[in-house]
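**Student:** I'd like to go over a predicted model; first the sequence, then the structure.
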2 protein chains.
Amino acid sequence: MNTERKLKVALLGCGSVGSEVARIMTTHADDLAARIGAPVELVGVAVRRTGRPRPGIPGDLLTTDATALVKRGDIDVVIEVIGGVEPARGLITTAFEHGASVVTANKALLAEDGPALYAAAEQHGADLYYEAAVAGAIPLVRPLRESLAGDRVNRVLGIVNGTTNFILDKMDTSGAGYAEALEEATALGYAEADPTADVEGFDAAAKAAILAGLAFHTRVRLDDVHREGITEVSASDMASAREMGCTVKLLAICERSADGTSVTARVHPAMIPLAHPLASVHGAYNAVFVEATAAGQLMFYGPGAGGSPTASAVLGDLVAVGRHKLNGTRGPGESAYAQLQVAPMGDAVTRYHISLDVADKPGVLAQVATIFAGHDVSIDTVRQQGKDGEASLVVVTHRAPDSALRAVVGELRKLDTVRDVASIMRVEGE
Amino acid sequence: MNTERKLKVALLGCGSVGSEVARIMTTHADDLAARIGAPVELVGVAVRRTGRPRPGIPGDLLTTDATALVKRGDIDVVIEVIGGVEPARGLITTAFEHGASVVTANKALLAEDGPALYAAAEQHGADLYYEAAVAGAIPLVRPLRESLAGDRVNRVLGIVNGTTNFILDKMDTSGAGYAEALEEATALGYAEADPTADVEGFDAAAKAAILAGLAFHTRVRLDDVHREGITEVSASDMASAREMGCTVKLLAICERSADGTSVTARVHPAMIPLAHPLASVHGAYNAVFVEATAAGQLMFYGPGAGGSPTASAVLGDLVAVGRHKLNGTRGPGESAYAQLQVAPMGDAVTRYHISLDVADKPGVLAQVATIFAGHDVSIDTVRQQGKDGEASLVVVTHRAPDSALRAVVGELRKLDTVRDVASIMRVEGE
């Protein structure tokens, strides 16, 4: 151990994650020092307000001037847990310019501007690590970036947002509607006062962009990710899912096309069979499947958010980056050499579950079936229930391009005999 | 990319894993080159017999002189997939002495002699990587060694041997006895002709030693691991487990003691509740839970063995070690600074499920309960069933040190009213 040399760390942000990071840096100082090879010294903590008491953090470390902190020039590692695009982006760039490596949990920024951050890290010979940005404490970034580096990943499929999983799980187990389940999630602290980023799928889409980039060695931006949230999922969707032996989850799905030349990334609610391991991921937990050519199917499961789990991921990165600093080396940088085409949602291959309210008269099923056939969409099952001159028709398709499925739905809507397309939901995990 | 410089690789062993490694090195050559930063060149493959056809491997690369191959002096990375202690140990040591880094899948050797190998790597500035040694393609070594390096791991609990999981799963689902299930496993290629290493728990114990070492930053040898195989598990044990809402799995369990100063590592069959995620790990799959102070409970799941999955892990390590070679750096070495005491099995805290055949007369339960109380072992449930002057008594205890539980069983055996201790099994995962 090098006791002369100290690893100087600056912390940007001291909320639920930052305060845990600072706490563990103190309580586990000996372990961290032994694992890094030198003692860690927290030299500054940038916060919005210095007045508040911060148990365990000496008052003289607090500063509201984050820019001055990252410009000190003697910082080895900057830990950024502020979140959001600015001022985080500017601070991280400044940190690289002043010789620091960066550990961040900032999925929004990485999905928005990852390549520029990587380029800045590269230019200044620094590390950019971000295990905490996806799925909290679950080691997922490092396995994709390093463990599977000798394999070909074909698919990443997972639950990467705890808030929406809590809400959907609640709806499934209690029969509650979306609004009621959201209310409970907010009351219990699982949803923020403004839940938009979670329930509209922005958070999951940012993670999907990051995962797709790592999995396919291709730049995937937030805008490339097809995104649908859970606000339209109804109690009756849940009930239909149950009837099919399924439940509804908000899934992030990153896939390589069958011919290997393009990829798609998407986030949307989907039915998955109850027997699928993702169906038993409850509450705010996350779980991600990774399918690779040689490795087969792997699953990673754990707490997807929260101060402590996220701090664990941050500190794991701190150890790696700290070792590199001491040895004058770097870990892997951006890997985007494959430059696969990022295809639009229409190219994604999936299955649909469609509920139609139709007139209860002969020939309707034939009309409907003709439309599916006209777009080469093969029907798996049809369930027809009639009462009082009205009937409902539930169609589940085989796998087909999303564009074909959407075209089918467009034509169904124009049929006189179709009163309403009551619900459309994708079916995954089979 | 550095196209002048080639990464020279020697492969020791060309069985199911080695041939997959060689095949993927050829088919994915461009990907590997892009990820490492230089093309990979396979310069030699050491085999026992050169006569056999090896599709995809040029005949002039084959050699029976493994020692000469690792002594060439121009090898960057030696991949060892021969298995067993010798000659693998000598070859790896020689490889380090001649400037190569080593990627190995050899759990037996690492559990037997890990510290000496680490020391040799250290001395020669080389890497020793072994993701493939534990749980096949499942990234587990790297997450423990790196992702959780900023956290405190308290427990590792998992199914790490596919052969025994296949056999126990078969017994559970079909009601077959051990011998019949083993026969089927052998016929299907899941068990080797001599299944001793698997069914007696040696393979799982080696993995437990490796996992405990990584989790607790403490040297744990194979001899430190308490080991019981599955050969004594009977169809009636399976039936008892079912009655309790459990199944039987061969578990590897590495635990830090409550006071944090010592660790235990053990492999034995145990009952776990059907609701526990490990209960639904079927066939030859592996799954490992890791519990850490900050991260909480994580699970890793995937194929635990087989040529392709193991090759995936080997090649992931090859990419990491190759990058280090090109950059003149090294990854993490041995981390055994914590030097925790490795406590004997008697100190492990667990629960027992004990079936007794007893005389069906008043006072027997009181006698039995007195013995448990005398060793401070608290009883959770007792189920008593009598017929024809005989009765069976099934006792499930609360958590207690294994030594106390063993002492209880010893005294129960001496009671006149206890005809037989029909079965004893630990209960985990609650």
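**Tutor:** Right, received. Where do you want to start? Numbers count the residues shown, from 1 in each chain, chains lettered A, B, ... in the order given.
**Student:** Please count neighbours and contacts with C-alpha atoms only from this point.
**Tutor:** Fine.
**Student:** List the residues that contact the nearest residue to residue A:296 once chain neighbours are set aside.
**Tutor:** What sits nearest to residue A:296 in space, not counting adjacent residues and going by Cα to Cα, 6 or more residues apart in numbering or on different chains, is residue B:309, at 6.5 Å. The neighbours of residue B:309, taking Cα atoms under 8 Å, 6 or more residues apart in numbering or on different chains as the test, are A:294-296, B:136-137, B:303.
**Student:** Residue numbers of the stretch 151-300 of chain A in contact with chain B?
**Tutor:** A:151, A:294-300 (Cα under 8 Å from any Cα of the partner chain).
**Student:** quick one: which of these is nearest residue A:277?
**Tutor:** For those, the minimum distance to residue A:277 (Cα to Cα) is 8.9 Å, reached by residue A:299.
**Student:** just checking, the closest one touches residue A:281?
**Tutor:** No - between residue A:299 and residue A:281 there is no contact under Cα atoms under 8 Å: 11.7 Å.
**Student:** ok, those two, which is more surrounded?
**Tutor:** residue A:299 (23 against 19; other Cα atoms under 10 Å in any protein chain shown).
**Student:** so that one sits in a strand?
**Tutor:** Yes - if the criterion is DSSP: H, G, I helix; E, B strand; the rest coil, then residue A:299 is within a strand.
**Student:** Retrieve the pLDDT associated with the residue lying closest to residue A:268 once chain neighbours are set aside.
**Tutor:** Distances taken as Cα to Cα, 6+ apart place residue A:228 nearest to residue A:268, at 4.6 Å, with adjacent residues excluded. Here, the pLDDT recorded for residue A:228 equals 97.
**Student:** what about residue A:228, distance to residue B:15?
**Tutor:** 47 Å (Cα to Cα, to the nearest Å).
**Student:** quick one, which of these two is more surrounded?
**Tutor:** Each of residue A:228 and residue B:15 has its neighbours counted (other Cα under 10 Å); residue A:228 has more, 19 against 14.
**Student:** Look up phi and psi at that one.
**Tutor:** Dihedral pair for residue A:228: phi -130, psi 140, per degrees, to the nearest 10.
**Student:** wait, isn't it in contact with residue A:201?
**Tutor:** Yes - counting by Cα under 8 Å, residue A:228 does reach residue A:201; the two are 6.0 Å apart.
**Student:** ok so, going back, nearest to residue A:329 among the contacts of residue B:309?
**Tutor:** residue B:137 (27.4 Å).
**Student:** SS state for the closest one?
**Tutor:** Note that with three-state DSSP, the state of residue B:137 is coil.
**Student:** okay, now it: neighbour count?
**Tutor:** 33.
**Student:** Repeat that for residue A:377.
**Tutor:** Neighbours of residue A:377 (other Cα under 10 Å): 22.
**Student:** With residue A:381 instead?
**Tutor:** The number of residues near residue A:381, taken as other Cα under 10 Å, comes to 11.
**Student:** measure residue A:208 to residue A:287 for me?
**Tutor:** Separation of residue A:208 from residue A:287 (Cα to Cα): 13 Å.
**Student:** of these two, who's got more company?
**Tutor:** Higher neighbour count among residue A:208 and residue A:287: residue A:208, with 34 against 28, using other Cα under 10 Å.
**Student:** wait, doesn't the more buried one sit right on residue A:251?
**Tutor:** No - applying Cα under 8 Å, one finds residue A:208 not in contact with residue A:251, separated by 9.4 Å.
**Student:** tell me, what's touching those two both at once?
**Tutor:** With Cα under 8 Å, 6+ apart, residue A:208 and residue A:251 have common neighbours residue A:267.
**Student:** Skip the chain neighbours and tell me the closest residue to residue A:248.
**Tutor:** That would be residue A:271: by Cα to Cα, 6+ apart, it lies 4.4 Å from residue A:248.
**Student:** Now the helix or strand hosting that neighbour: buried residues?
**Tutor:** In the assignment (DSSP states H and E), residue A:271 maps to strand A:262-273. By neighbour count with 16 or more other Cα atoms under 10 Å in any protein chain shown, strand A:262-273 contains the buried residues A:262-273.
**Student:** which residues of the stretch 101-250 of chain A fall in strands?
**Tutor:** A:101-104, A:128-129, A:153-159, A:226-227, A:246-256 (DSSP state E, counting those that start in this stretch).
**Student:** Need the residues that contact the second one.
**Tutor:** Put plainly, it is strand A:128-129. Outside strand A:128-129, the residues that touch it by Cα under 8 Å, 6+ apart are A:101-104, A:117-118, A:121, A:317, A:321, A:333.
**Student:** Of those, select the buried ones using a PyMOL command.
**Tutor:** Those of these that count as buried under 16+ other Cα under 10 Å are selected in PyMOL with:
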select buried, chain A and resi 101+102+103+104+117+118+121+317+321+333
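**Student:** Which one of the contacts of strand A:128-129 is nearest to chain B?
**Tutor:** residue A:317 (6.7 Å; Cα to the nearest Cα).
**Student:** if we can go back for a sec, tell me the backbone dihedrals of the residue nearest to residue A:296, please.
**Tutor:** phi -60, psi -40.
**Student:** Next: residue A:81.
**Tutor:** Dihedral angles (degrees, to the nearest 10) for residue A:81: phi -130, psi 40.
**Student:** Quick check: it touching residue A:107?
**Tutor:** No - between residue A:81 and residue A:107 no contact is recorded; they are 10.3 Å apart, counting by Cα under 8 Å.
**Student:** Buried residues in stretch A:224-244, which are they?
**Tutor:** A:224-230, A:233-235, A:237-242.
**Student:** show me where chain A has helices.
**Tutor:** Under the criterion DSSP state H, chain A carries helices at the ranges A:16-27, A:29-36, A:66-70, A:88-97, A:107-123, A:141-142, A:162-174, A:178-187, A:196-199, A:202-216, A:235-243, A:307-327, A:364-374, A:402-414.
**Student:** Give me every residue in the stretch 1-150 of chain A lying close to chain B.
**Tutor:** Counting by Cα under 8 Å from any Cα, the stretch 1-150 of chain A sits next to chain B at A:31-32, A:34-35, A:131, A:137-139, A:142-143, A:146-150.
**Student:** and which of those residues is nearest residue A:190?
**Tutor:** Nearest to residue A:190 among those, with distances taken as Cα to Cα, is residue A:137, at 16.8 Å.
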